[in-house]
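Visitor: Please find the sequence and the predicted model below.
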Amino acid sequence: MLWCVPGRVGGSEEYLVRQLLGLAELPQPQWRPTVAVARGLAAAHPELAAVVDVVEPTFDSSKRTRRIVGETTWLRRHSAEVALTHHGGGTAPTLAHLPYVLTIHDLQFRTYPQYFSRAKRAYLSAIIPPSARRATVVAVPSEYVRGSVVAAYGVEPDRVMVVPHGIEPAVSAHVTDPATLRDRYRLGDGPVVVYPAVTHPHKRHDFLLQMMRDHWTDPDLRLVLTGATGMAEHVVAANTDARVRRVGRVPAADRNGLLAMSDAMLFPSQYEGFGAPLIEAMTLGAPVVCSDATCMPQIVGDAGLVRPLQPDAWAGALDEVRSRRSELVAAGHRRALDFTSRASGAALAAAYARALHLS
């Protein structure tokens, strides 16, 4: 996890941390990983350091060039005697020890190359294919990504295994109360809908702003946008609708509370490898309205409203989730039981076992 600089890589950081926590939850755990982490990651996740052995490098891995050099020197020395190496960031060093497991989170750079710099596209196009082909096992978060990897790189299907995201059920215990949130974020007394996402172009914040302008005209409605600043922040910054609250990164308890109190968690993304907020919302009792792109129909199933990313298809969504709230909340809770951190850890353990069997 040398590439996993705290606060800079988004959902993939939470994904890997949660599955390692889930690995430790298994009865009579077979694995006690040693995790090479970027500087600051252990401090950001003390719960991880409590269940795995953590080692920080002698170099700063926040710069890609330094990290690549460090992976071929420092990391190679540290992993020389281990039974199995797991590279969590979609790439592996050219001289990586075998056997290894490689996590590929998504292949968005192939589907939407316009959202990536030329340099990053070139790097990913050069390094991911050989990393995937050399890997003993490729771990992916969803069946959608599994199919993408097999189709793109010709990896044998039995070497690509789904290790889904996992959410700790205890997340519901850390929830800020609605009255505090309404006061803190100036939400008034009306209905609230939430979109937790970095403002990257593929997240389609512009679509929700259009819905607010043309369809969801209730003057008391508040759309709360949480998450880090991304490449499409200017779209949100140009908004003049006072009903939209752009609050940025918020404490975990506030994020959970906003979801729990909301009429709906909206998720109009056009590309996800998994979409962890979908399961977080279900766990916290927020009805989900999401697009029908990539993996999202697979993840949500019939536990939410899955709609094509067209204004007419979303126009009545808020009325529908209100009328079906009890049904959707119950279905979401049932669906979330398939995506616990323990289930994620068990899938990771199965990937490790497969890799050792195939090596």
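Guide: Now that the structure is in, tell me what you want to look at.
Visitor: where does the stretch 201-350 of the chain dip in pLDDT?
Guide: The stretch 201-350 of the chain contains no residues with pLDDT under 70.
Visitor: Residue 109 and residue 316, how far apart?
Guide: Distance of residue 109 to residue 316, given as Cβ to Cβ, to the nearest Å: 35 Å. All C-beta spots, glycine's among them, are computed from the backbone N, C-alpha and C.
Visitor: quick one, which of the two is more surrounded?
Guide: Ranked by neighbour count (other Cβ atoms under 10 Å), residue 109 and residue 316 place residue 109 first, with 17 against 13.
Visitor: CA-only coordinates of stretch 228-240 in CSV, if you can.
Guide: Extracted in CSV, the C-alpha atoms of stretch 228-240 (Å, rounded to 0.1, in the frame of the first residue of the first chain):
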residue,chain,number,x,y,z
ALA,A,228,-13.2,16.0,-1.6
THR,A,229,-12.4,18.6,-4.3
GLY,A,230,-12.0,17.1,-7.8
MET,A,231,-11.4,18.1,-11.4
ALA,A,232,-15.1,19.2,-11.8
GLU,A,233,-15.3,21.4,-8.7
HIS,A,234,-15.8,24.4,-11.0
VAL,A,235,-19.2,23.0,-12.0
VAL,A,236,-20.4,23.0,-8.4
ALA,A,237,-18.7,26.3,-7.7
ALA,A,238,-20.7,27.9,-10.5
ASN,A,239,-24.0,26.8,-8.9
THR,A,240,-26.3,29.7,-7.8
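Visitor: Any buried residues in that stretch, and which?
Guide: For stretch 228-240, the neighbour count (16 or more other Cβ atoms under 10 Å) marks 230, 232-233, 235-236, 239 as buried.
Visitor: Stretch 126-142 now?
Guide: For stretch 126-142, using 16+ other Cβ under 10 Å, the buried residues are 127-128, 131-132, 135-142.
Visitor: which residues in the stretch 101-250 of the chain form strands?
Guide: 137-140, 160-162, 192-196, 222-226, 244-248 (DSSP state E, counting those that start in this stretch).
Visitor: Looking at the ones you listed, which one is packed in the most?
Guide: With neighbours taken as mean count of other Cβ atoms under 10 Å, the strands of the stretch 101-250 of the chain reach their highest mean count in strand 137-140, at a mean of 27.
Visitor: for the stretch 1-150 of the chain, which spans come out with low pLDDT?
Guide: For the stretch 1-150 of the chain, residues meeting the criterion pLDDT under 70 lie at 9-10, 29.
Visitor: Let's see that with 90 instead.
Guide: Scanning the stretch 1-150 of the chain for pLDDT under 90 picks out the ranges 3-15, 25, 27-33, 39-45, 47-51, 57-68, 72, 76-81, 94-96.
Visitor: Just the helices from it, written as ranges.
Guide: 11-25, 41-44, 46-49, 64-72, 74-78, 108-111, 118-134, 143-153 (DSSP state H, counting those that start in this stretch).
Visitor: Can you lay out the ones you listed as TSV showing distance to residue 214?
Guide: Shown next, in TSV, are these (distance: least, Cβ to Cβ, whole Å):
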stretch	distance to residue 214
helix 11-25	30
helix 41-44	40
helix 46-49	44
helix 64-72	42
helix 74-78	52
helix 108-111	28
helix 118-134	34
helix 143-153	30
